[in-house]
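Asker: Sharing a model prediction with you, sequence too.
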Amino acid sequence: MRIAVVGFGLALLVTGCTTRSTTGLYLYPATPAGRELALAHSVPTNAPFGSIYEPSRLETVAYDWKANRVTVSFYRQLPGEPWRVTVRDSWDILDQSTKTEGKLWGVSECRCSTQECLRIIEQSLARFSAERPGAKVEFLAMEMQVSRELWGAMLVGLSRTLATLQGEKASNRIDVPDEIDGETARVLDSSPAIAAIKALLKKHGVAVQSVGIVEHILFRDSLAGRRWSDIAALPDVGVLVPGTVEFDAAESGIKPAAESGVMQPAPSQSAQR
Amino acid sequence: MRLVFATCVWVMVGLSGCATAERNGLPVADGPAYRRLETVAYYWEGRRVEVTFHREARDGAWLMSVRDSWSIFEQSPDAKKRVWDQSAARVPMEQCLQMIDRSLLDFRAEKSLVRLESLDIDMHVVQDLWSEMLMGLRQTLSKMDGTLGESQLDVPDEIYNEIKSVLEKSPVVTAIKELLEKHGLSVRRVYISDKVLFDYSLAGHKWSEIATLPAIGVIMPGSFQFALNKSRLGTAQNQTTPVVKN
């Protein structure tokens, strides 16, 4: 359930940077089969306009940190609901993987150091709480490759695990051995970056109940049939899409910036541009 | 050719997409460290139409848009197969009006003192308008001398003038203006915000030949905008209430 929710969330903000963009709520299906399926569910254009066609709603406040190319988005479907937060590469990672020839998810693709990540998250929380006092957060989900230290540790851990794995990569993208999930969880448990983000969230009144993977690391389809031990030797261990880690906050209220020791952002800062 | 420069700028912005940063590292000192974007979107899934309100500054006016929920940019790589003919249009005029009406009502109910700056609509979203546009352009192209140039942006003035003329005469545009007025919004002017672009693979073809193609070689249907006077979204009078059926 949560995977679906976060998947939905991470599809956000193809909102991109221009007024041209759609919300990204329902993206253009990438395959002809996907498009056919979507069209099959379309309402005929001459059908009556009625209650079953009530619109769905999505509200988003996004901060695009330009220098690091990281976007922090707060979103929810209904007014009054707690907010969900995503920290992600400003350029959709699936888009990067599918549209960039020979894309490798090495450490060089990471967007920020732990300190930079912490500052970005903290400043985003401060700005958001200034404009939405009393806002509650349900969870914060972060793409793992955003943090250099976390992704570096993940690549080392995965390489070590894959090197010892028997067998070959299956053709099914989601058919990933349990050992990989186990290693991912182990890296998260021991990561100083994860511990620092938890501490930061706590400082802002967001009490983290649990940390876990909500979107698993996927490996490139082209590696199907290759031995895992061979894949371990690749520079980015054959990653197609880095996964996402979630900090479950159980609807915690964000403290005002002044209470958490962060300088109160000027309300009109963005308006000055 | 008046829009060539503006379209160039727009295309460059579009291409740059989200990758606004030049490098990793600390925020640059001489500019804002972040860009804020606030969005409220209402999505009619079955119709594949999305009405969005967005703004950058917290105290800024809102921009409203009515779009095909499948981004036309995403659809454009399939342009060779994608034919922007009448079947590409999303909804009849009445439904489009109902969507705009409903979105304005819902948005006003959740946001107080809303100031709207503009309403931008994908040209092909409304069946009636897109049909008028294709018909008008087909007639114009059939009378034009010369060929489609190498540059997609290099569109003759005759085409621009025809689009303007269709918009000026369109009952769809009139109906939307009236609807906006019912919501307390007065329209300052209506203009083309994104120009219709033609398939570059047709470069060198005579315009009169292009006029005979099913969707007259359109690769991007473009959009038009209602620029609004500085007014708040007010109490709607004689609002059209969405019909509840099914």
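Answerer: Arrived safely, thanks for sending. Worth saying up front: this structure is predicted, and the values here are computed from it rather than measured.

Asker: For A:Met142, list each beta-bridge partner.
Answerer: A:Val87, A:Val245 (DSSP bridges).

Asker: now the strands: where do they sit in chain B?
Answerer: Taking DSSP state E, the strands of chain B run over residues B:34-44, B:49-55, B:62-68, B:115-122, B:187-194, B:197-198, B:218-220, B:223-232.

Asker: repeat for the stretch 1-150 of chain A
Answerer: Ranges of strands in the stretch 1-150 of chain A, per DSSP state E, counting those that start in this stretch, are A:56-65, A:70-76, A:83-89, A:136-143.

Asker: So for A:Arg226, which of the ones you listed sits nearest?
Answerer: Of all the strands of the stretch 1-150 of chain A, the one in closest proximity to A:Arg226, counting by C-beta to C-beta, is strand A:136-143 (25.2 Å). C-betas here are computed from N, CA, C, even on glycine.

Asker: Quick one: list the elements packing against the closest one.
Answerer: When contacts are defined as 3 or more C-beta pairs under 8 Å, 6 or more residues apart in numbering or on different chains; DSSP states H and E, strand A:136-143 sits against helix A:2-10, strand A:83-89, helix A:192-203, strand A:244-253.

Asker: Identify whichever of the ones you listed lies nearest to B:Gly136.
Answerer: helix A:2-10 (40.7 Å).

Asker: Report the mean confidence score over that closest one.
Answerer: Helix A:2-10 shows a mean pLDDT of 36.

Asker: ok, back up a step: how about the strands of the stretch 1-150 of chain A in TSV, adding mean pLDDT and mean neighbour count?
Answerer: Below are the strands of the stretch 1-150 of chain A laid out as TSV (pLDDT from 0 to 100; neighbours: other C-beta atoms under 10 Å in any protein chain shown):
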stretch	mean pLDDT	mean neighbour count
strand A:56-65	94	22
strand A:70-76	95	25
strand A:83-89	95	24
strand A:136-143	95	23
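
Asker: will you turn the ones you listed into JSON lines that also has distance to B:Glu150?
Answerer: Rendered in JSON lines, the data for the strands of the stretch 1-150 of chain A read as follows (distance: least, C-beta to C-beta, whole Å):
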{"stretch": "strand A:56-65", "distance to B:Glu150": "35"}
{"stretch": "strand A:70-76", "distance to B:Glu150": "36"}
{"stretch": "strand A:83-89", "distance to B:Glu150": "35"}
{"stretch": "strand A:136-143", "distance to B:Glu150": "40"}
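
Asker: I'd like to know which of those strands lies nearest to B:Arg232.
Answerer: Once the strands of the stretch 1-150 of chain A are compared by C-beta to C-beta, strand A:56-65 is nearest, at 20.0 Å.

Asker: Convert the C-alpha atoms of the closest one to CSV, please.
Answerer: The C-alpha trace of strand A:56-65 is given here as CSV (Å, rounded to 0.1, in the frame of the first residue of the first chain):
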residue,chain,number,x,y,z
SER,A,56,-9.1,13.8,-8.4
ARG,A,57,-7.1,16.5,-6.7
LEU,A,58,-3.4,16.9,-6.0
GLU,A,59,-1.8,19.8,-4.1
THR,A,60,1.9,20.3,-4.2
VAL,A,61,4.4,22.8,-2.7
ALA,A,62,7.9,22.1,-4.2
TYR,A,63,11.2,23.7,-3.5
ASP,A,64,13.7,23.1,-6.3
TRP,A,65,17.3,23.5,-4.9
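
Asker: near chain B, anything from it?
Answerer: Yes. Legend: contact between strand A:56-65 and chain B by C-beta under 8 Å from any C-beta of the partner chain is shown at A:Ser56, A:Arg57, A:Leu58, A:Glu59, A:Thr60, A:Val61, A:Ala62, A:Tyr63, A:Asp64, A:Trp65.

Asker: what's the neighbour count on residue 230?
Answerer: Since you didn't name a chain, this refers to chain A. The burial count assigned to A:Asp230 is 14, neighbours taken as other C-beta atoms under 10 Å in any protein chain shown.

Asker: that's the wrong chain, I meant chain B
Answerer: 10.

Asker: ok, now the one 3 residues further on?
Answerer: Other residues near B:Leu233 number 23, with proximity taken as other C-beta under 10 Å.

Asker: Could you do B:Asp194 as well?
Answerer: 22.

Asker: does it really touch B:Ser223, like I thought?
Answerer: Yes. Here B:Asp194 lies in contact with B:Ser223, judged by C-beta atoms under 8 Å, at a distance of 4.4 Å.

Asker: Let me know the secondary structure of A:Ala233.
Answerer: coil (DSSP: H, G, I helix; E, B strand; the rest coil).

Asker: which ones are touching it?
Answerer: Neighbouring residues of A:Ala233 by C-beta atoms under 8 Å, 6 or more residues apart in numbering or on different chains: A:Ser159, A:Ala163.

Asker: cutoff 6 Å now
Answerer: Taking C-beta atoms under 6 Å, 6 or more residues apart in numbering or on different chains as the definition of contact, A:Ala233 has no neighbours.

Asker: Relative to A:Ser159, how far out is it?
Answerer: For A:Ala233, the distance to A:Ser159 equals 8 Å [C-beta to C-beta, to the nearest Å].

Asker: again, but for A:Ala170
Answerer: A:Ala170 is 19 Å from A:Ser159, by C-beta to C-beta.

Asker: Mind checking which of those two has more residues around it?
Answerer: Neighbours were counted for A:Ala170 and for A:Ser159 using other C-beta under 10 Å; A:Ser159 has more, 17 against 13.

Asker: quick one: secondary structure of the more buried one?
Answerer: Once three-state DSSP is applied, A:Ser159 turns out helix.

Asker: Burial check on residue 222, number of neighbours?
Answerer: As the question left the chain open, I've gone with chain A. Residues near A:Ser222, counting by other C-beta under 10 Å, number 10.

Asker: Can you look at chain B instead?
Answerer: Using other C-beta under 10 Å: B:Gly222 sits among 20 other residues.

Asker: Backbone dihedrals for the nearest residue to it once chain neighbours are set aside, both of them.
Answerer: The shortest distance from B:Gly222 to any non-neighbouring residue, by C-beta to C-beta, 6 or more residues apart in numbering or on different chains, is to B:Val196 (4.2 Å). Taking degrees, to the nearest 10, you get phi -70, psi 130 for the backbone angles of B:Val196.

Asker: Would you mind measuring from B:Val196 to chain A?
Answerer: From B:Val196 across to chain A, the span is 15 Å (C-beta to the nearest C-beta, to the nearest Å).

Asker: Then B:Glu45?
Answerer: From B:Glu45 to chain A the distance is 6 Å (C-beta to the nearest C-beta).

Asker: Next one, pLDDT for that residue please.
Answerer: For B:Glu45, the predicted pLDDT is 79.

Asker: Ok, B:Gly31 next?
Answerer: Per the predicted model, pLDDT is 48 at B:Gly31.

Asker: Check A:Pro235 too.
Answerer: 87.

Asker: Just name the most buried of the helices and strands packed on strand A:136-143.
Answerer: strand A:83-89 (a mean of 24; mean count of other C-beta atoms under 10 Å in any protein chain shown).

Asker: can you state the direction angle for that one and helix A:192-203?
Answerer: Orientation note: strand A:83-89 sits at an angle of 150 degrees relative to helix A:192-203 (axes from the mean of the first three to the mean of the last three C-alpha atoms, to 10 degrees).

Asker: I'd like to check what contacts strand A:83-89. Which residues are they?
Answerer: A:9-10, A:71-76, A:135, A:137-143, A:146.

Asker: residue in the stretch 101-250 of chain A nearest to chain B?
Answerer: The nearest approach of the stretch 101-250 of chain A to chain B comes at A:Glu131, 5.6 Å away (C-beta to the nearest C-beta).

Asker: what's the neighbour count on that residue?
Answerer: 16.

Asker: Now do the same contact list for it.
Answerer: A:Glu131 sits in contact with B:Arg58, where contact means C-beta under 6 Å, 6+ apart.

Asker: For B:Arg58, see how far away it is.
Answerer: On the measure of C-beta to C-beta, A:Glu131 and B:Arg58 end up 6 Å apart.
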